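S.K.: Give the three-dimensional model of this entry:
(one chain, ligands or ions: 1)
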Amino acid sequence: MQNPGGVNIPKTPELLRDFEQFKRELKQRTGLDLEQYKFDQTYRRIWTMAERAGFSRFTDYLRYLSQDESRMRAFIDRLAINVSEMFRNPEQFEILHKEVLPHLLQRRHSLKVWSAGCSYGAEAYSIAILLHELAPNRGHQILGTDIDTDVLERAQRGVFAPSDVRNVPPLYLQRYFRVFEENGRTLYEADPILKRYLRFQKHNLLSDPYPQGFDLIACRNVIIYFSEEAKERIFREFYRALTPGGYLFLGNTERIFHYQQIGYENPFAFYYRKPEQEVQRWRNAS
Ligand SMILES: C[S@@+](CC[C@H](N)C(=O)[O-])C[C@H]1O[C@@H](n2cnc3c(N)ncnc32)[C@H](O)[C@@H]1O
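M.R.: Residues are numbered from 1 along each chain as shown. Okay, the predicted model is just below:
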(Lines give C-alpha, C1' and ligand atoms only; values in the text may rest on other atoms or scores of the structure.)
Protein backbone atom coordinates (compact mmCIF):
# COMPACT_ATOMS: atom_id res chain seq x y z
CA MET A 1 0.00 0.00 0.00
CA GLN A 2 1.33 3.45 -0.91
CA ASN A 3 1.54 6.06 1.82
CA PRO A 4 2.17 9.22 -0.14
CA GLY A 5 1.31 11.63 2.64
CA GLY A 6 2.53 9.43 5.45
CA VAL A 7 -1.11 9.14 6.63
CA ASN A 8 -0.94 5.49 7.60
CA ILE A 9 2.58 5.44 8.98
CA PRO A 10 2.62 4.49 12.66
CA LYS A 11 4.88 6.58 14.89
CA THR A 12 4.65 5.23 18.42
CA PRO A 13 7.39 6.12 20.94
CA GLU A 14 8.55 2.51 20.74
CA LEU A 15 8.84 2.64 16.94
CA LEU A 16 10.66 5.95 17.09
CA ARG A 17 13.19 4.42 19.51
CA ASP A 18 13.46 1.39 17.25
CA PHE A 19 14.14 3.68 14.28
CA GLU A 20 16.93 5.44 16.20
CA GLN A 21 18.56 2.07 16.87
CA PHE A 22 18.08 1.11 13.20
CA LYS A 23 19.98 4.27 12.17
CA ARG A 24 22.83 3.64 14.61
CA GLU A 25 23.28 0.01 13.52
CA LEU A 26 22.96 0.85 9.82
CA LYS A 27 25.72 3.43 10.21
CA GLN A 28 27.97 0.92 11.99
CA ARG A 29 27.40 -1.72 9.32
CA THR A 30 27.43 0.36 6.15
CA GLY A 31 28.72 3.84 7.02
CA LEU A 32 25.47 5.40 5.76
CA ASP A 33 24.47 8.18 8.17
CA LEU A 34 20.71 8.73 7.98
CA GLU A 35 20.94 11.49 10.61
CA GLN A 36 21.81 13.81 7.76
CA TYR A 37 18.72 12.93 5.73
CA LYS A 38 15.26 14.46 6.26
CA PHE A 39 13.67 12.61 9.14
CA ASP A 40 10.02 12.28 8.04
CA GLN A 41 10.81 11.30 4.48
CA THR A 42 13.42 8.73 5.51
CA TYR A 43 11.20 7.27 8.23
CA ARG A 44 8.28 6.96 5.83
CA ARG A 45 10.27 5.37 3.04
CA ILE A 46 12.05 2.85 5.22
CA TRP A 47 8.83 1.97 7.04
CA THR A 48 7.12 1.33 3.71
CA MET A 49 10.01 -0.87 2.52
CA ALA A 50 10.05 -2.79 5.82
CA GLU A 51 6.29 -3.30 5.77
CA ARG A 52 6.41 -4.58 2.20
CA ALA A 53 9.05 -7.11 3.22
CA GLY A 54 6.74 -8.27 6.04
CA PHE A 55 8.33 -6.53 9.08
CA SER A 56 6.73 -4.35 11.74
CA ARG A 57 9.94 -3.23 13.45
CA PHE A 58 12.84 -1.36 11.81
CA THR A 59 15.51 -3.37 13.63
CA ASP A 60 14.00 -6.69 12.46
CA TYR A 61 14.13 -5.36 8.93
CA LEU A 62 17.78 -4.39 9.42
CA ARG A 63 18.63 -7.92 10.59
CA TYR A 64 16.97 -9.26 7.44
CA LEU A 65 18.91 -6.80 5.23
CA SER A 66 22.19 -7.67 6.97
CA GLN A 67 21.86 -11.38 6.14
CA ASP A 68 22.60 -10.75 2.48
CA GLU A 69 25.00 -8.21 1.02
CA SER A 70 23.09 -7.80 -2.25
CA ARG A 71 19.86 -7.24 -0.31
CA MET A 72 21.53 -4.47 1.70
CA ARG A 73 22.95 -2.98 -1.52
CA ALA A 74 19.47 -2.97 -3.11
CA PHE A 75 18.05 -1.26 -0.02
CA ILE A 76 20.67 1.52 -0.13
CA ASP A 77 20.17 1.95 -3.87
CA ARG A 78 16.40 2.31 -3.45
CA LEU A 79 16.91 4.78 -0.63
CA ALA A 80 19.23 6.86 -2.78
CA ILE A 81 16.72 7.05 -5.72
CA ASN A 82 18.71 7.13 -8.91
CA VAL A 83 16.07 8.66 -11.20
CA SER A 84 17.63 10.83 -13.89
CA GLU A 85 17.49 11.70 -17.58
CA MET A 86 19.46 13.73 -20.09
CA PHE A 87 18.76 17.47 -20.35
CA ARG A 88 16.46 17.19 -17.32
CA ASN A 89 14.44 20.44 -17.22
CA PRO A 90 15.50 21.51 -20.74
CA GLU A 91 14.90 25.23 -20.06
CA GLN A 92 17.63 25.14 -17.40
CA PHE A 93 20.03 23.46 -19.83
CA GLU A 94 19.13 26.20 -22.32
CA ILE A 95 20.55 28.74 -19.83
CA LEU A 96 23.64 26.56 -19.47
CA HIS A 97 24.06 26.45 -23.25
CA LYS A 98 23.29 30.10 -24.02
CA GLU A 99 24.60 31.96 -20.96
CA VAL A 100 26.65 30.05 -18.42
CA LEU A 101 29.01 27.97 -20.57
CA PRO A 102 29.74 30.77 -23.11
CA HIS A 103 30.56 33.07 -20.20
CA LEU A 104 32.89 30.51 -18.64
CA LEU A 105 34.52 29.69 -21.99
CA GLN A 106 35.39 33.35 -22.54
CA ARG A 107 37.50 33.26 -19.41
CA ARG A 108 39.04 29.83 -19.68
CA HIS A 109 40.28 27.64 -22.52
CA SER A 110 39.20 24.35 -20.92
CA LEU A 111 36.63 23.88 -18.18
CA LYS A 112 36.58 21.71 -15.10
CA VAL A 113 33.08 20.49 -14.26
CA TRP A 114 31.68 18.36 -11.41
CA SER A 115 28.37 16.53 -11.67
CA ALA A 116 27.79 15.70 -7.99
CA GLY A 117 25.20 13.00 -7.33
CA CYS A 118 25.36 12.12 -11.02
CA SER A 119 23.46 8.82 -10.82
CA TYR A 120 24.07 6.86 -14.06
CA GLY A 121 25.63 9.86 -15.77
CA ALA A 122 22.80 11.40 -17.81
CA GLU A 123 23.57 14.90 -16.51
CA ALA A 124 27.33 14.58 -17.02
CA TYR A 125 26.87 13.36 -20.62
CA SER A 126 24.43 16.23 -21.30
CA ILE A 127 27.07 18.73 -20.17
CA ALA A 128 29.70 16.94 -22.28
CA ILE A 129 27.49 17.37 -25.37
CA LEU A 130 27.07 21.11 -24.78
CA LEU A 131 30.79 21.61 -24.13
CA HIS A 132 31.70 19.69 -27.26
CA GLU A 133 29.23 21.75 -29.28
CA LEU A 134 30.52 25.06 -27.94
CA ALA A 135 34.25 24.40 -27.66
CA PRO A 136 35.34 21.00 -28.99
CA ASN A 137 38.66 19.33 -28.26
CA ARG A 138 39.84 21.72 -25.59
CA GLY A 139 40.46 19.03 -22.98
CA HIS A 140 37.53 19.80 -20.71
CA GLN A 141 37.28 17.57 -17.66
CA ILE A 142 33.94 16.43 -16.30
CA LEU A 143 33.94 14.52 -13.03
CA GLY A 144 30.78 12.55 -12.18
CA THR A 145 30.43 11.34 -8.61
CA ASP A 146 27.82 9.41 -6.67
CA ILE A 147 27.54 7.47 -3.42
CA ASP A 148 26.19 4.45 -5.31
CA THR A 149 28.84 2.41 -7.12
CA ASP A 150 26.33 0.44 -9.24
CA VAL A 151 25.10 3.57 -11.00
CA LEU A 152 28.70 4.68 -11.56
CA GLU A 153 29.38 1.48 -13.48
CA ARG A 154 26.38 2.26 -15.68
CA ALA A 155 27.64 5.82 -16.12
CA GLN A 156 30.97 4.50 -17.31
CA ARG A 157 29.22 2.42 -19.97
CA GLY A 158 27.25 5.43 -21.23
CA VAL A 159 24.26 3.46 -22.46
CA PHE A 160 20.84 5.04 -22.12
CA ALA A 161 17.19 3.99 -22.49
CA PRO A 162 14.70 5.81 -24.75
CA SER A 163 13.15 7.48 -21.67
CA ASP A 164 16.60 8.91 -20.77
CA VAL A 165 17.06 10.60 -24.13
CA ARG A 166 13.54 11.95 -24.71
CA ASN A 167 14.71 15.56 -24.13
CA VAL A 168 17.86 15.27 -26.23
CA PRO A 169 17.48 17.52 -29.31
CA PRO A 170 17.19 15.30 -32.45
CA LEU A 171 20.36 16.72 -33.94
CA TYR A 172 22.41 15.78 -30.85
CA LEU A 173 20.78 12.36 -30.70
CA GLN A 174 21.90 11.71 -34.24
CA ARG A 175 25.35 13.20 -33.74
CA TYR A 176 26.37 11.71 -30.40
CA PHE A 177 24.62 8.34 -30.03
CA ARG A 178 24.80 4.91 -31.60
CA VAL A 179 21.38 3.25 -31.57
CA PHE A 180 21.35 -0.53 -31.04
CA GLU A 181 19.08 -3.35 -29.91
CA GLU A 182 19.71 -5.47 -26.80
CA ASN A 183 17.28 -8.15 -25.64
CA GLY A 184 14.54 -6.57 -27.75
CA ARG A 185 15.13 -3.08 -26.31
CA THR A 186 16.32 -0.04 -28.22
CA LEU A 187 19.31 1.55 -26.49
CA TYR A 188 21.52 4.59 -27.10
CA GLU A 189 25.27 4.46 -26.56
CA ALA A 190 27.15 7.74 -26.13
CA ASP A 191 29.92 8.44 -28.63
CA PRO A 192 33.52 7.87 -27.38
CA ILE A 193 34.16 11.54 -28.17
CA LEU A 194 31.98 12.40 -25.14
CA LYS A 195 33.49 9.68 -22.95
CA ARG A 196 36.92 11.27 -23.41
CA TYR A 197 35.83 14.21 -21.24
CA LEU A 198 34.27 12.11 -18.49
CA ARG A 199 35.53 10.38 -15.39
CA PHE A 200 33.36 8.76 -12.72
CA GLN A 201 34.23 8.01 -9.12
CA LYS A 202 32.59 7.32 -5.80
CA HIS A 203 32.06 10.29 -3.48
CA ASN A 204 29.79 10.80 -0.50
CA LEU A 205 28.72 14.45 -0.27
CA LEU A 206 28.06 14.05 3.44
CA SER A 207 31.39 12.67 4.55
CA ASP A 208 34.17 12.76 1.91
CA PRO A 209 36.59 15.67 1.34
CA TYR A 210 35.47 17.78 -1.63
CA PRO A 211 37.56 17.97 -4.81
CA GLN A 212 38.49 21.58 -5.70
CA GLY A 213 38.90 24.06 -8.54
CA PHE A 214 35.65 23.71 -10.53
CA ASP A 215 34.24 26.21 -13.03
CA LEU A 216 30.85 24.54 -12.84
CA ILE A 217 29.28 22.24 -10.25
CA ALA A 218 25.94 20.62 -11.13
CA CYS A 219 24.27 19.12 -8.08
CA ARG A 220 20.68 18.56 -9.01
CA ASN A 221 17.94 16.60 -7.32
CA VAL A 222 20.35 15.28 -4.70
CA ILE A 223 20.20 17.62 -1.71
CA ILE A 224 16.38 17.37 -1.56
CA TYR A 225 16.89 14.30 0.62
CA PHE A 226 19.18 16.06 3.11
CA SER A 227 18.48 17.93 6.34
CA GLU A 228 18.75 21.74 6.41
CA GLU A 229 22.08 21.57 8.31
CA ALA A 230 23.55 19.14 5.78
CA LYS A 231 22.39 21.36 2.88
CA GLU A 232 23.95 24.43 4.46
CA ARG A 233 27.30 22.63 4.86
CA ILE A 234 27.17 21.35 1.28
CA PHE A 235 26.47 24.82 -0.19
CA ARG A 236 29.47 26.20 1.71
CA GLU A 237 31.67 23.30 0.59
CA PHE A 238 30.62 23.88 -3.02
CA TYR A 239 31.46 27.56 -2.67
CA ARG A 240 34.99 26.63 -1.60
CA ALA A 241 35.25 24.09 -4.43
CA LEU A 242 34.39 26.69 -7.12
CA THR A 243 36.90 28.96 -8.84
CA PRO A 244 36.04 32.71 -8.70
CA GLY A 245 33.35 33.27 -11.36
CA GLY A 246 32.35 29.57 -11.18
CA TYR A 247 28.70 28.46 -11.11
CA LEU A 248 26.66 26.07 -8.98
CA PHE A 249 23.71 24.59 -10.91
CA LEU A 250 20.83 23.26 -8.75
CA GLY A 251 17.69 21.24 -9.51
CA ASN A 252 14.19 22.38 -10.27
CA THR A 253 12.91 22.41 -6.69
CA GLU A 254 16.12 23.58 -5.00
CA ARG A 255 17.06 27.05 -3.78
CA ILE A 256 19.68 28.63 -1.54
CA PHE A 257 17.59 31.10 0.43
CA HIS A 258 20.42 33.03 2.08
CA TYR A 259 22.90 32.66 -0.78
CA GLN A 260 24.33 36.15 -0.17
CA GLN A 261 25.44 35.19 3.33
CA ILE A 262 27.60 32.46 1.84
CA GLY A 263 28.89 34.84 -0.84
CA TYR A 264 27.03 33.63 -3.93
CA GLU A 265 25.36 35.76 -6.59
CA ASN A 266 22.16 34.46 -8.24
CA PRO A 267 22.38 35.58 -11.90
CA PHE A 268 19.79 33.08 -13.21
CA ALA A 269 17.15 30.92 -11.55
CA PHE A 270 18.83 27.73 -10.23
CA TYR A 271 22.34 29.10 -10.92
CA TYR A 272 24.52 30.52 -8.14
CA ARG A 273 27.86 32.16 -8.91
CA LYS A 274 30.96 32.73 -6.83
CA PRO A 275 31.87 36.37 -7.62
CA GLU A 276 34.77 37.03 -9.99
CA GLN A 277 36.28 39.53 -7.57
CA GLU A 278 36.19 37.08 -4.68
CA VAL A 279 39.96 36.63 -4.58
CA GLN A 280 40.58 40.37 -4.87
CA ARG A 281 38.06 41.15 -2.11
CA TRP A 282 39.60 38.53 0.14
CA ARG A 283 43.11 39.96 -0.50
CA ASN A 284 41.93 43.52 0.24
CA ALA A 285 40.31 42.42 3.49
CA SER A 286 43.35 40.61 4.82
C1 LIG B 1 17.66 11.72 -8.18
S2 LIG B 1 19.35 11.32 -8.51
C3 LIG B 1 19.86 12.80 -9.35
C4 LIG B 1 20.64 12.53 -10.60
C5 LIG B 1 20.98 13.75 -11.43
N6 LIG B 1 21.76 14.69 -10.68
C7 LIG B 1 19.74 14.41 -11.96
O8 LIG B 1 19.33 15.48 -11.49
O9 LIG B 1 19.11 13.84 -12.86
C10 LIG B 1 20.08 11.50 -6.90
C11 LIG B 1 21.44 10.85 -6.78
O12 LIG B 1 22.05 11.31 -5.58
C13 LIG B 1 22.85 10.26 -5.08
N14 LIG B 1 23.12 10.49 -3.65
C15 LIG B 1 22.30 10.33 -2.59
N16 LIG B 1 22.95 10.60 -1.44
C17 LIG B 1 24.23 10.94 -1.80
C18 LIG B 1 25.39 11.32 -1.07
N19 LIG B 1 25.37 11.40 0.26
N20 LIG B 1 26.53 11.60 -1.76
C21 LIG B 1 26.56 11.52 -3.11
N22 LIG B 1 25.50 11.16 -3.86
C23 LIG B 1 24.34 10.87 -3.22
C24 LIG B 1 21.98 9.04 -5.33
O25 LIG B 1 22.74 7.83 -5.31
C26 LIG B 1 21.37 9.34 -6.69
O27 LIG B 1 22.09 8.74 -7.73
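S.K.: Point out the residues in the stretch 51-200 of the chain that sit beside the ligand.
M.R.: By the rule C-beta under 6 Å from any ligand atom, the part of the stretch 51-200 of the chain lying against the ligand is 80-84, 88, 117-119, 122-123, 146-148, 151. No exception for glycine: its C-beta is placed from N, CA and C like everyone else's.
S.K.: out of those, who's nearest residue 164?
M.R.: residue 122 (5.5 Å; C-beta to C-beta).
S.K.: Tell me which residues touch that closest one, please.
M.R.: 84, 85, 86, 88, 160, 164 (C-beta atoms under 8 Å, 6 or more residues apart in numbering).
S.K.: Okay, the fifth one and residue 118: tell me how far apart.
M.R.: Using C-beta to C-beta, to the nearest Å, one gets 13 Å for the distance from residue 160 to residue 118.
S.K.: Go through the chain and flag its longest strand.
M.R.: Longest strand in the chain, counting residues (DSSP state E): strand 242-250.
S.K.: in the chain, which spans are strands?
M.R.: So, for the chain - with DSSP E - the strands run 112-116, 141-146, 159-160, 177-182, 185-190, 198-202, 214-219, 242-250, 265-268, 271-273.
S.K.: what comes into contact with the first one?
M.R.: If I follow you right, that is strand 112-116. Counting by C-beta under 8 Å, 6+ apart, 121, 123-124, 127, 131, 140-145, 203, 205, 211, 213-219, 222, 238, 241, 243 sit against strand 112-116.
S.K.: domains in the protein, as residue ranges please.
M.R.: Domain ranges of the chain: 13-80, 90-285, per automatic domain parsing.
S.K.: Show me the two of the residues of the stretch 51-200 of the chain next to the ligand that sit farthest apart.
M.R.: So, those by C-beta to C-beta: farthest apart are 88 and 147, at 18.9 Å.
S.K.: If you count surrounding residues, which of those two has more?
M.R.: In this view residue 88 and residue 147 are compared by other C-beta atoms under 10 Å, and residue 147 has more residues nearby, 21 against 18.
S.K.: quick one: contacts of stretch 68-86?
M.R.: Applying C-beta under 8 Å, 6+ apart, the external contacts of stretch 68-86 come out as 29-30, 32, 42, 45-46, 49, 64-66, 118-120, 122-123, 125-126, 146-148, 150-151, 160, 163-168, 221, 225.
S.K.: same thing but 7 Å
M.R.: Residues from elsewhere that reach stretch 68-86 (C-beta atoms under 7 Å, 6 or more residues apart in numbering): 30, 32, 45, 49, 65-66, 119-120, 122-123, 125-126, 147-148, 150-151, 160, 163-168.
S.K.: Just the buried ones among these, please.
M.R.: For the contacts of stretch 68-86, a burial check counting by 16 or more other C-beta atoms under 10 Å picks out 32, 45, 49, 65, 119-120, 122-123, 125-126, 147-148, 151, 160, 164-165, 167-168.
S.K.: when you check the residues you listed against the helices, which ones overlap?
M.R.: Members of those lying in helices (criterion: DSSP state H): 45, 49, 65, 122, 123, 125, 126, 151.
S.K.: which regions of the protein lie under the pLDDT threshold?
M.R.: Within the chain, the stretches with pLDDT under 70 are 1-7, 278-286.
S.K.: Only the buried residues of the helix ranked longest in it, if you could.
M.R.: Longest helix in the chain by number of residues (criterion: DSSP H): helix 13-30. Neighbour counts over helix 13-30 (16+ other C-beta under 10 Å) mark 15, 18, 19, 22, 23, 26 as buried.
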